[in-house]
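# I need the structure of the sequence given here:
(chains A, B, C and D)
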4 protein chains.
Amino acid sequence: MKPVCLVIGAGAGIGGSVGARFARGDYHSVLCRRSDQAGLDKLVGNIKAGGDEASGFLLDVTQADVIEDLVARIERDIGAIDVVIFNLGAQIGNRTLADTSYKAFEMGWRLATFALYRVAKSVLPYMEARETGTMIVTSATAAMRGNAGQHSHAAAMGGRRLLCQSLNAEFAPKGIHIAQVVIDGSVDAPDTLGKMLGEKDFQKLRETRGGDNDGILLPKEIAETYWHLAHQHRSAWTHELDLRPRTDAPWWNDNPTFSY
Amino acid sequence: MKPVCLVIGAGAGIGGSVGARFARGDYHSVLCRRSDQAGLDKLVGNIKAGGDEASGFLLDVTQADVIEDLVARIERDIGAIDVVIFNLGAQIGNRTLADTSYKAFEMGWRLATFALYRVAKSVLPYMEARETGTMIVTSATAAMRGNAGQHSHAAAMGGRRLLCQSLNAEFAPKGIHIAQVVIDGSVDAPDTLGKMLGEKDFQKLRETRGGDNDGILLPKEIAETYWHLAHQHRSAWTHELDLRPRTDAPWWNDNPTFSY
Amino acid sequence: MKPVCLVIGAGAGIGGSVGARFARGDYHSVLCRRSDQAGLDKLVGNIKAGGDEASGFLLDVTQADVIEDLVARIERDIGAIDVVIFNLGAQIGNRTLADTSYKAFEMGWRLATFALYRVAKSVLPYMEARETGTMIVTSATAAMRGNAGQHSHAAAMGGRRLLCQSLNAEFAPKGIHIAQVVIDGSVDAPDTLGKMLGEKDFQKLRETRGGDNDGILLPKEIAETYWHLAHQHRSAWTHELDLRPRTDAPWWNDNPTFSY
Amino acid sequence: MKPVCLVIGAGAGIGGSVGARFARGDYHSVLCRRSDQAGLDKLVGNIKAGGDEASGFLLDVTQADVIEDLVARIERDIGAIDVVIFNLGAQIGNRTLADTSYKAFEMGWRLATFALYRVAKSVLPYMEARETGTMIVTSATAAMRGNAGQHSHAAAMGGRRLLCQSLNAEFAPKGIHIAQVVIDGSVDAPDTLGKMLGEKDFQKLRETRGGDNDGILLPKEIAETYWHLAHQHRSAWTHELDLRPRTDAPWWNDNPTFSY
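Next up is the predicted model:
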């Protein structure tokens, strides 16, 4: 029975690519996403077509018990969860405080922070008992600093980042590797950025900043770093790293016209 | 009519002392706390006894609408809120992930992050219309990094910190000063630390680290820095500063025995 | 005999204004700058004209022994140095690596890092013996992150920042307050920014971003925060704070057009 | 002709292991260290014995021109420098300010900061002309915050870190990957830590924290992450990551007894 790589948040971007990468590396990838059964089937089908193992589940993490139940079910029916990829985003675009509703603010927290706590609470006891395991959390620029219009997103991702540090402090000594990856740029992800920008603008972004411009992060390349993190030796673990395209300024360098 | 200094979280520590400081500086201080009418009356009474103005309200911020209603009521009945001090804590002591309940995790967020969003949402439109105002947020070590056992607290305070940055990005250009104060040490606060430690341990802490040891932050001294922040000129605003006692190592220097 | 406030780097900007502020607060201000005796005399003369005490020295910190000798001389002839303001800058404008000479790179370090070490080495033993004293270091955006073209400046200021933390770790418990002030914006300083930009561009900056735009830091307002820092109680010291104008984005928010 | 991996600072720790790793990956590794020709010969010999390519040079980076000359010579005689590993340390143990001499303080900067600038200045023009290349810099806890007794080291490493960011801002868009690796723990390095601690204490450290305790970073495992960094796709580059052993607390979590 293969070890399981559980991906929470598996669209046609980072999540799907990481799932495929781990399946190719002899894991059984379990892909979860909120909606779009057809899209999910396609991701799982592609992995299986390559001779590797995968399963897919629709999972609405705003619902009570669904994370907890799924983790128990996977451990019972599919295999030991050796790697969990927490890849849920909560970006809703830029909104003024006036345009940030109570509901949107709470939803940001439910998706980006609380769901991670629930996943940790569900998965880590299994890993702790086995004294091994890896949890990789997709982080974002918004976890590093609050930008204008990012009230909900920054609060949610900032909370997520420090939760990861707190989890690391408790679980690293127990043999569980907690890592976070700060995605500091646009990802070539049709299911998220594509839908947020709309097809036309997304296509334009691909044309102007994609390809040899190296201005958009390619999910399958990101997946190589997730793979590397999951296979670092226990004497040399990374807790946090950043990823960005060659031509994109880091978040701490955003002003190209003047510097102090 | 005096300008109002609204203090959310006013016990016999930072909140009460800041309220007294601003009252002495010719503000009408409005003190709010969750419970203990007698304690609240005492704080308000002491301010009035000094010839200054104050009001007090019990306020359970976990309830819907209460923040929003109180802000409207103050603006209507007491005066323009010129300064708001957000001083709610959410420290519950160190707990393993196993001992951190869903309820505790959510409560941390409701008190430390969501309540700040609600206060901002309620107060900032008034300030924006007047093109002036100050919001000072009490922050903590836990907002800077997640420590073992701080899952709920770190997530909540980390979210709060980045929310402050996001609010600053939107509102500073509109003339509203958003500042956060990282309290990086133990505060001589009988209502919070005192209750968490218990009377005996708190007394012991005061004896061993208080007084000339300068190992515990004194609330009335902290209040001087809050006052300074609220009166900086608009060309030279501080967004974030730290406060700690002389003899206490900063959070980034916690290891006294060895360093790399 | 008044306590001395020693200002290293006193032009018609932060240094001169801080010197004037402390003189007004009953210190004897000792102003030091590299060149321009006439400018120095004017600063000292203005302070004396107001009935306060000041002295001035030309000081080229790239020379051996001059800092060390001056400190000894002040302690012997003028008074106990209670506050030292280290305000030397090392900004040389943006230069590519190709255009950053060995000499310029080393000069950045000599002015911004090594001179601070020398000042600390000279002044702190006196303060340590008296178990009291304050050293405030002017820091800059460049101390927080390296920007394009800032090779020399970022290396020098980044080193300075961590030196301050290391000094704080050793000397705070001994009663000496070490603080740094991150100036995160343009300062209305004719002697430095004015000369770097040239008179015409500096005037234009003042007109477009000065005055009610609050887009340039005013030195006399900055001085109020230096004064506050120097008078915090020993139970509640700030080690680092930032200062920026209302309308200027913080360094972590430099991109006004898009955010992740 | 194989691409060259130039290692500045190649002892029997990170530098030597990274050199061996790249040689195994079909680079010609050029190992440089200050002294110990026999040690150097052994490292080079081991690589050659495995059928891979390597050269070795003694290099005292405190001397003028030696870095510049060596780079030119390698490019002319050995091959194109595709990867440069800057691995010079400047740790001198903990010393009070009184015990930190002018010479030691300057030496820290010469080794940790200035030498990196010189390497960058020498190597990057070749890489820029080829529009490709990687520079990986070994960083340390001391680059993240200044600790007691680390005056020289913290200033030097803090300057190095921001220099890396400044180099990245200029050269990443030109196709050159600049990365830094924060080594946040003790490394099993006989030539540096071993000599600093002395043989007996080093052996004790290995016994108490090595092996299955995963309390000491193993150089050959570190080398895997350097290798990964050098082979990330240009759309997904890491600029900074940390490495620490499973059982070692991160620098931001150094206090195991109490947390706020």
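
# looks like residue A:223 contacts residue A:15 (just checking).
No - counting by C-beta atoms under 8 Å, residue A:223 stays clear of residue A:15, with 9.5 Å between them. In short, each C-beta sits where N, CA and C put it, glycine included.

# which residues does residue A:56 contact?
Residue A:56 makes contact with A:10, A:30-33, A:40-41, A:43-44, according to C-beta atoms under 8 Å, 6 or more residues apart in numbering or on different chains.

# and the residues you listed as TSV, adding secondary structure, neighbour count and distance to chain C?
Below are the contacts of residue A:56 laid out as TSV (DSSP: H, G, I helix; E, B strand; the rest coil; neighbours: other C-beta atoms under 10 Å in any protein chain shown; distance: C-beta to the nearest C-beta, whole Å):
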residue	secondary structure	neighbour count	distance to chain C
A:10	coil	32	20
A:30	strand	30	28
A:31	strand	29	24
A:32	strand	26	24
A:33	strand	26	21
A:40	helix	22	26
A:41	helix	12	30
A:43	helix	25	24
A:44	helix	23	29
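
# residue A:96: which of these is nearest?
When the contacts of residue A:56 are compared for distance to residue A:96 (C-beta to C-beta), residue A:33 wins out at 29.7 Å.

# wait, the closest one touches residue A:14, no?
No - checked against C-beta under 8 Å, the pair residue A:33 and residue A:14 is beyond contact range at 11.9 Å.

# check which helix or strand the closest residue to residue A:253 other than its chain neighbours maps to.
The shortest distance from residue A:253 to any residue other than its chain neighbours is 5.1 Å, reached at residue D:169 (C-beta to C-beta, 6 or more residues apart in numbering or on different chains). In this assignment (DSSP states H and E), residue D:169 forms part of helix D:151-171.

# helices along chain A, start to end?
Along chain A, counting by DSSP state H, helices occupy A:14-24, A:37-49, A:66-77, A:102-109, A:115-130, A:151-171, A:195-197, A:199-209, A:219-230.

# looking at the ones you listed, which is buried most?
helix A:151-171 (a mean of 29; mean count of other C-beta atoms under 10 Å in any protein chain shown).

# what is the burial count for the residue lying closest to residue A:47 once chain neighbours are set aside?
Nearest residue to residue A:47, sequence neighbours excluded (C-beta to C-beta, 6+ apart): residue A:54, at 3.9 Å. Residues near residue A:54, counting by other C-beta atoms under 10 Å in any protein chain shown, number 23.

# contact partners for residue A:54?
A:19, A:23, A:28-31, A:43-44, A:47-48.

# ok, 10 Å please
A:5, A:7, A:10, A:19-20, A:22-23, A:27-31, A:43-48 (C-beta atoms under 10 Å, 6 or more residues apart in numbering or on different chains).

# for residue A:68, same thing?
A:118-119, A:121-123, B:102.

# and those near chain C, which?
By C-beta under 10 Å from any C-beta of the partner chain, no member of the contacts of residue A:68 lies near chain C.

# residue A:133 is in contact with residue A:174, correct?
Yes - the criterion here is C-beta atoms under 10 Å, and residue A:174 meets it with residue A:133 at 9.2 Å.

# compare these two (neighbour count), which wins?
residue A:133 (24 against 15).

# gap between the more buried one and chain D?
Residue A:133 sits 12 Å away from chain D, going by C-beta to the nearest C-beta, to the nearest Å.

# what about that residue, distance to residue D:241?
20 Å (C-beta to C-beta, to the nearest Å).

# ok, now which ones touch residue A:79?
A:1-6, A:27-28, A:30, A:53.

# same check on residue A:6?
Going by C-beta under 10 Å, 6+ apart, residue A:6 touches A:19, A:22, A:27-32, A:55, A:57, A:70-71, A:74-75, A:78-79, A:81-86, A:119, A:122-123, A:135.

# once you drop chain neighbours, what's closest to the residue nearest to the spatial centre of chain A?
Geometric centre of chain A, nearest residue: residue A:87, 1.9 Å, by C-alpha atoms, centre = their mean. In this structure, residue A:87 finds its nearest non-sequential neighbour in residue A:9, 3.6 Å apart by C-beta to C-beta, 6+ apart.

# okay, now the closest residue to residue A:191 other than its chain neighbours: neighbour count?
Spatial nearest neighbour of residue A:191, excluding adjacent residues (C-beta to C-beta, 6+ apart): residue A:11 at 3.2 Å. Neighbours of residue A:11 under the rule other C-beta under 10 Å: 26.

# show me what from the stretch 101-250 of chain A comes close to chain C.
So far as C-beta under 10 Å from any C-beta goes, the stretch 101-250 of chain A lies against chain C at A:140-150, A:153-154, A:157, A:183-187, A:193, A:248-250.

# can you tell me which of those end up in strands?
A:140, A:183 (DSSP state E).
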